[in-house]
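Peer 1: With the input below, show me the fold.
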Amino acid sequence: MPRVQSPERADLVAPRGRPRFSGFPAALRRANNGPMRRRKAFRAALRPALGASLLAALTATAATARATERVVKIPTRPGVTLKLIEIAGNDRTRPIVVLFTGGNGKVRLDDWDGRGNPVFNFLVRSRGLFAARGFHVAVPDAPSDRKETRRGLIRWRTTAGHARDIGAVIAHMRKLSSGPVALIGTSRGTISAANGAAGLPKGEVAALVLTATVTRLNRRGNRDRVQDVDLSAVTVPVLLAHHREDACFVTVPDDLAELARAFTKARHKSIMYFDGGGPFRGDDCQARAAHGFAGIEDKVVARIAEWIRAVTAKPVPR
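Peer 2: All right, here's what the predicted structure looks like:
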């Protein structure tokens, strides 16, 4: 029986199967009709035809294929399990990134057939881009005792139990590499990433990256924001990355300077603003808007990856 999506969630789920095109532009057809020496012209025509977001997705898919992607289930707390997407390479010293989706934290791995993206969240769809830049990647789903509830991780992201789940994900990834671990969240996933960096023992996390950070309460005031975490307990380097055109009412770009000051013990703090991308569509707080860095995924991942490597590099002995 086909799975029915509720209207408010349907936009977050990537369509299964291959993308369907109504037809290629005439310039593209002409470029593909010539001999092999004209392949450059074909590629040049292909780029604008597909668009930046789709090219980034294709790049991520190819990178994922070169590594090993699988869904694994791990124990976290007594009687609780958690599924995650794991992308692993062969280098046992490469850095690790743990990517936290937004919303209610559900990645829907129970329903995913392994094709495309289980949800269209910025970090979930960009996981292959991180793998292409030399990272082991983990994308955790909501744990078994939270994913059956409608609220999922809402009002749970700041808890000690959630931090313990994150610690279990890190312990699993440690079987693959001894490299530094960066926690990266987007939208409400920033609350999870901040909680992990604040609540886990020293040495577990090497860097914290918050993208499209939730800095304000929702209209009803009944959902968390990143300031609900004890940010003064974060001692690792912190990066705040945001799109200047993010119009979501709980992720306001002008809040970042004040937010950075709340990380009073962080060894290093950086703010990155991004421009461009699009065309944006849908709700301002969803993945296809500036809030989700639509159209500039590769650019954003590249800058984040560069920053992580810089702040986690070991000093060269004199």
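
Peer 1: So which residue is dead centre in this protein?
Peer 2: Note on the chain: the residue nearest the mean C-alpha position is residue 123, at 1.9 Å, using CA atoms, centre = their mean.

Peer 1: Return the residues in contact with it.
Peer 2: 99, 100, 101, 139, 184, 185, 186, 189, 211 (CB atoms under 8 Å, 6 or more residues apart in numbering). The C-beta positions use only the backbone N, C-alpha and C, and glycine is treated the same way.

Peer 1: again with residue 185
Peer 2: Going by CB under 8 Å, 6+ apart, residue 185 touches 99, 100, 102, 123, 191, 192, 193, 194, 209, 210, 211, 213.

Peer 1: Make sure the fifth one is indeed in a helix.
Peer 2: Yes: according to DSSP: H, G, I helix; E, B strand; the rest coil, the state of residue 191 is that of a helix.

Peer 1: isn't it right up against residue 227?
Peer 2: No: Residue 191 is not in contact with residue 227 according to CB atoms under 8 Å; the separation is 9.3 Å.

Peer 1: Mind checking which of those two has more residues around it?
Peer 2: The residue with more neighbours, out of residue 191 and residue 227, is residue 191; 29 against 18, by other CB atoms under 10 Å.

Peer 1: you'd agree residue 84 is in a strand?
Peer 2: Yes: judged by three-state DSSP, residue 84 forms part of a strand.

Peer 1: Do you have the strands of the chain handy? List them.
Peer 2: In chain order, the chain shows strands spanning 68-75, 81-88, 96-100, 136-140, 181-186, 207-211, 238-243, 269-274, with DSSP state E as the criterion.

Peer 1: and the angle from the third one to strand 81-88?
Peer 2: When you say that, I think you mean strand 96-100. Comparing the axes of strand 96-100 and strand 81-88 via axes from the mean of the first three to the mean of the last three CA atoms, to 10 degrees yields an angle of 130 degrees.

Peer 1: partner strands of strand 96-100, parallel or antiparallel?
Peer 2: strand 136-140 (parallel), strand 181-186 (parallel) (DSSP bridges).

Peer 1: Buried ones in the longest one, by neighbour count?
Peer 2: Of the residues in strand 181-186, those buried by neighbour count under the rule 16 or more other CB atoms under 10 Å are 181, 182, 183, 184, 185, 186.

Peer 1: so how far is it off the chain centroid?
Peer 2: 8 Å (CA atoms, centre = their mean, to the nearest Å).

Peer 1: Can you dump the C-alpha atoms of it in PDB for me?
Peer 2: The C-alpha atoms that make up strand 181-186 are tabulated as PDB, following Å, rounded to 0.1, in the frame of the first residue of the first chain:
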ATOM      1  CA  VAL A 181      34.300  14.900  15.300                       C
ATOM      2  CA  ALA A 182      32.300  17.900  14.200                       C
ATOM      3  CA  LEU A 183      28.600  18.200  15.100                       C
ATOM      4  CA  ILE A 184      26.600  20.100  12.400                       C
ATOM      5  CA  GLY A 185      23.000  21.000  12.700                       C
ATOM      6  CA  THR A 186      20.600  23.000  10.600                       C
END
